[in-house]
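> Structure for this input, please:
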Amino acid sequence: FIKTDTNVSLYSQIVFPSFTAYPDCCRRYMRGKLPYSAIKGYSVQTDTEMCPINAIIFHTKKGKACANPALKWVIDKQNKEQMKSSQVAGGS
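Sure, this is the predicted structure:
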C-alpha cells in the first residue's frame, strides 16, 4: 500500500508539477516604466507551458520586474543594456 501511494505521489509531481518550481517565471507584466538607473541587467523569458508569456526580466536592486518585450521603452532599455555590456566586453 505504501508503494502505491509513493507511485501516485511521484506521478502527480511529474504530471502536475508545482508552479513553485519556477519562482522566477513572469506571469504578468509590470505597470509603468523603470528608470534606467534602477536596472542592473536583464534576462529574456520565452513563452512556455510553465511561463506563459514572453517577457524581459529586468534585474534591479529590489528584485525583478517583468516587462512586455513589445513596448518601445522596454526595447530601448534592453538596447541600452546591450550597448553597456558590449562596451565593457570591448574594453571601451
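> Sketch out the low-pLDDT regions of the chain for me.
Residue ranges of the chain with pLDDT under 70: 1-23, 89-92.
> Please export the C-alpha coordinates of stretch 25-44 as PDB.
Extracted C-alpha coordinates of stretch 25-44, given in PDB (Å, rounded to 0.1, in the frame of the first residue of the first chain):
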ATOM      1  CA  CYS A  25       8.800  32.900 -14.000                       C
ATOM      2  CA  CYS A  26       6.900  36.000 -15.100                       C
ATOM      3  CA  ARG A  27       3.100  35.500 -15.300                       C
ATOM      4  CA  ARG A  28       2.100  39.200 -15.900                       C
ATOM      5  CA  TYR A  29       3.800  42.400 -16.900                       C
ATOM      6  CA  MET A  30       4.600  45.300 -14.600                       C
ATOM      7  CA  ARG A  31       2.700  48.600 -14.900                       C
ATOM      8  CA  GLY A  32       4.600  51.800 -15.600                       C
ATOM      9  CA  LYS A  33       8.300  52.100 -16.500                       C
ATOM     10  CA  LEU A  34      11.500  51.600 -14.700                       C
ATOM     11  CA  PRO A  35      14.200  54.300 -14.600                       C
ATOM     12  CA  TYR A  36      17.300  53.200 -16.300                       C
ATOM     13  CA  SER A  37      19.300  53.800 -13.200                       C
ATOM     14  CA  ALA A  38      17.400  51.000 -11.400                       C
ATOM     15  CA  ILE A  39      18.300  48.400 -14.000                       C
ATOM     16  CA  LYS A  40      21.300  46.200 -13.200                       C
ATOM     17  CA  GLY A  41      20.800  43.700 -16.000                       C
ATOM     18  CA  TYR A  42      18.100  41.700 -17.800                       C
ATOM     19  CA  SER A  43      17.200  38.300 -19.000                       C
ATOM     20  CA  VAL A  44      14.800  37.000 -21.600                       C
END
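> Kindly confirm my reading that residue 30 forms part of a strand.
No. The assignment for residue 30 by DSSP: H, G, I helix; E, B strand; the rest coil gives coil, which leaves it out of any strand.
> residues in contact with residue 74?
56, 67-68 (C-beta atoms under 8 Å, 6 or more residues apart in numbering). Backbone N, C-alpha and C define where each C-beta goes, glycine included.
> Please determine how far it is located from residue 49.
24 Å (C-beta to C-beta, to the nearest Å).
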